[in-house]
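Asker: kindly generate the corresponding structure for this input.
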Amino acid sequence: MNKLIWPSRSRSIYLWISCVVIVLCPTAHAQQFALRNGDTVVFYGDSITAQRLYTRYVEDFVFTRYPNLHIRFLNAGVPGDSITGGYAGSMPERVQRDVQPFHPAMIAVMLGMNDGGWGQESPQIDASFSKGYRELLDTLHKAATDAALTLIRPSPYDEITHGTEFPQYSRVIDDLANDVSAIATTERKHNPDKLFLADFHQALIDALKQATVHSPDLAALIIPDRIHPSEVGHWIMAAELLKAWHVDPIVSSATLDAKHATIIDRYRTAITQLTSTANIIQWQELDEALPLPFDFNDAMILLLPRISDIAAVDRQMLRIESLDPGQYQLFIDGKPIASFNSRELQSGINLALYKTPMNDQARDIEYTQHQRMQLDQARFILSADIKEDAASMAAENKLREAQDQLSQQIQKKRTPAPHKFELRRQ
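Answerer: Residues are numbered from 1 along each chain as shown. Predicted coordinates:
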């Protein structure tokens, strides 16, 4: 049996708020998603983007939340890169090679960690960064005239949970993150519909502070080397990017009346074969989406809901009214999921926070996606590091073919399956 990963009191408050939003505010999740069918997204950044973690999790978000949406994602992260470029080429060369040929509809930019000089705060650093950042945006605009831009406030240099090799460098990155915000404000005045701002910086700072309270033994593992976030940090970053793109936070939502065996409300799901007796409620549910592919055997993943609001964008809600008081066991496809009391079920439970058959399907997608991402990394290294010739071009084409095959596998796995639910009184 898998226990919900929130403390019971916080869980109840959160689930009650979630149900109020769903029932009383039906338009709360109606804002249009920023990506369209057929779009190409390019992630442009440094080694944190080159980790291929938050970018992979963004793809997982889209694959599971919008199964019918076909989006192409390309990672152009280069270790050590800055606003002026790096070992893989100058900024103009990078844009020409890594962005322009793919005609992206969305370009997400995260830079800053290597732009502070690894020293102390100074007005010169801010001025140079702001000037170079605007030159980068101007170059991107010219290379992809129709593309929307997502500016990302860079992830922090962690001096909260660690000692530091570069004292007060966190303050330098704070300043550069603020520079990105200021640039975004200016850019929005020119084209508000094509400029997005995602705040990785504050989200991770808040998570680090929360972790020092809730799990001080794990807090330093969020950004282990003070620079590159671990998987849990990248999940927080991915959630921030998807919020900036107005992702629908709800996987599905169903409210059932146990006494009358009726459907009170549903969103992004179909409910059939609903029956109810004194001790057993049964129904079949076919959702339009899948929950995020969290590995609930990972202690760091179990920490996520305590230190971030990621559950707010991963809501697979089930609410049962008119239940007799008591304890109930939930089964999905005959598999025991968890035990809940009648008050919890009436307030609402978030199935996305449990190991369910839906989670298993999402995990299978993520596994194949990880394989595809490794091939994409090899292709990018060939493109960026190897002088182009017939052999390298042939190798790139082979890698693209292999990626396309995996993408086809992912597409087949994305369609949600119907599941048999049973709620038994204990």
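
Asker: how much space between residue 378 and residue 75?
Answerer: 12 Å (CB to CB, to the nearest Å). Placement of C-beta: from N, CA and C, glycine included.

Asker: compare the two (neighbour count), which wins?
Answerer: Legend: neighbour count by other CB atoms under 10 Å for residue 378 and residue 75, higher for residue 75 (23 against 16).

Asker: wait, a strand at the more buried one?
Answerer: Yes - assessed by DSSP: H, G, I helix; E, B strand; the rest coil, residue 75 belongs to a strand.

Asker: which residues touch it?
Answerer: The neighbours of residue 75, taking CB atoms under 8 Å, 6 or more residues apart in numbering as the test, are 43, 49-50, 52, 55, 373, 376-377, 380.

Asker: run the last query once more with 6 Å
Answerer: 43, 52, 55 (CB atoms under 6 Å, 6 or more residues apart in numbering).

Asker: need those residues in TSV with neighbour count and pLDDT, can you?
Answerer: Shown next, in TSV, are the contacts of residue 75 (neighbours: other CB atoms under 10 Å; pLDDT from 0 to 100):
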residue	neighbour count	pLDDT
43	26	98
52	19	95
55	28	97
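
Asker: please enumerate the helices of the stretch 151-300 of the chain.
Answerer: Counting by DSSP state H, counting those that start in this stretch, the stretch 151-300 of the chain has these helices, from start to end: 169-190, 200-214, 216-219, 231-244, 299-307.

Asker: deepest-packed of the ones you listed, please.
Answerer: helix 231-244 (a mean of 24; mean count of other CB atoms under 10 Å).

Asker: residues contacting it, please?
Answerer: 53-54, 57-58, 61, 196, 198-200, 203-204, 207, 222-223, 300, 304, 308, 310, 313.

Asker: how far off helix 299-307 does that helix point, in degrees?
Answerer: 40 degrees (axes from the mean of the first three to the mean of the last three CA atoms, to 10 degrees).

Asker: alpha carbons of helix 231-244, as CSV, please.
Answerer: What follows is helix 231-244 as a C-alpha-only set of coordinates in CSV (Å, rounded to 0.1, in the frame of the first residue of the first chain):
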residue,chain,number,x,y,z
GLU,A,231,16.2,15.4,-10.2
VAL,A,232,14.0,16.9,-7.5
GLY,A,233,15.3,20.4,-8.3
HIS,A,234,14.7,19.9,-12.0
TRP,A,235,11.1,18.8,-11.3
ILE,A,236,10.5,22.1,-9.5
MET,A,237,12.0,23.9,-12.5
ALA,A,238,9.9,22.0,-15.0
ALA,A,239,6.7,22.8,-13.0
GLU,A,240,7.6,26.5,-13.1
LEU,A,241,8.1,26.5,-16.8
LEU,A,242,4.8,24.7,-17.4
LYS,A,243,3.0,27.2,-15.1
ALA,A,244,4.5,30.0,-17.2
